[in-house]
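>>> Any chance you could fold what I've pasted below:
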Amino acid sequence: MHIFILYPIFFQKSINICKSQDLYDLLTQCYITEGLLHSSKHNDHTKAISCFNMALNFANKLENKVSIILISSYIK
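Numbering: from 1, shown residues only. Predicted structure coming up:
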């Protein structure tokens, strides 16, 4: 089975675990990675931007704002 068929399942499991534990740094990373996959592998830029926006929402909850700078560089 091709990995790109399975990735939504893995991301959703990761996201659910991170949300249940308030792991905002990992949630941010999950959404950034998912956005990059949508953008580069599927050319689905609408979904990619949606993922980057979710990443921004969680990054805003972090004290370390480096993730916000990183996400901003992907959106440009």
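>>> quick one: low-confidence parts of this structure?
Screening the chain residue by residue with the criterion pLDDT under 70, one finds the ranges 1-7, 65-76.
>>> mind running it again at 50?
For the chain, residues meeting the criterion pLDDT under 50 lie at 1-2.
>>> Verify the stated contact: Ile49 with Ile32.
No - assessed by Cβ atoms under 8 Å, Ile49 is found out of contact with Ile32, at 12.0 Å. Just so you know, the C-beta spots here come from the backbone N, C-alpha and C atoms, and that holds for glycine as well.
>>> Which one's more surrounded, those two?
When neighbours are counted by other Cβ atoms under 10 Å, Ile49 and Ile32 differ, and Ile32 comes out ahead with 22 against 15.
>>> Grab the nearest non-local neighbour of the residue nearest the centre of the chain.
For the chain, the residue whose C-alpha lies nearest the mean C-alpha position (Cα atoms, centre = their mean) is Tyr31; its distance is 0.7 Å. Nearest in space to Tyr31, with sequence neighbours left out and distances taken as Cβ to Cβ, 6 or more residues apart in numbering, is Ala55 at 3.6 Å.
>>> Now for the one you found, which secondary structure element holds it?
Remark: Ala55 resides in helix 45-59, with elements defined by DSSP states H and E.
>>> list the helices and strands that helix packs on?
Of the remaining helices and strands, those touching helix 45-59 by 3 or more Cβ pairs under 8 Å, 6 or more residues apart in numbering; DSSP states H and E are helix 24-40, helix 66-75.
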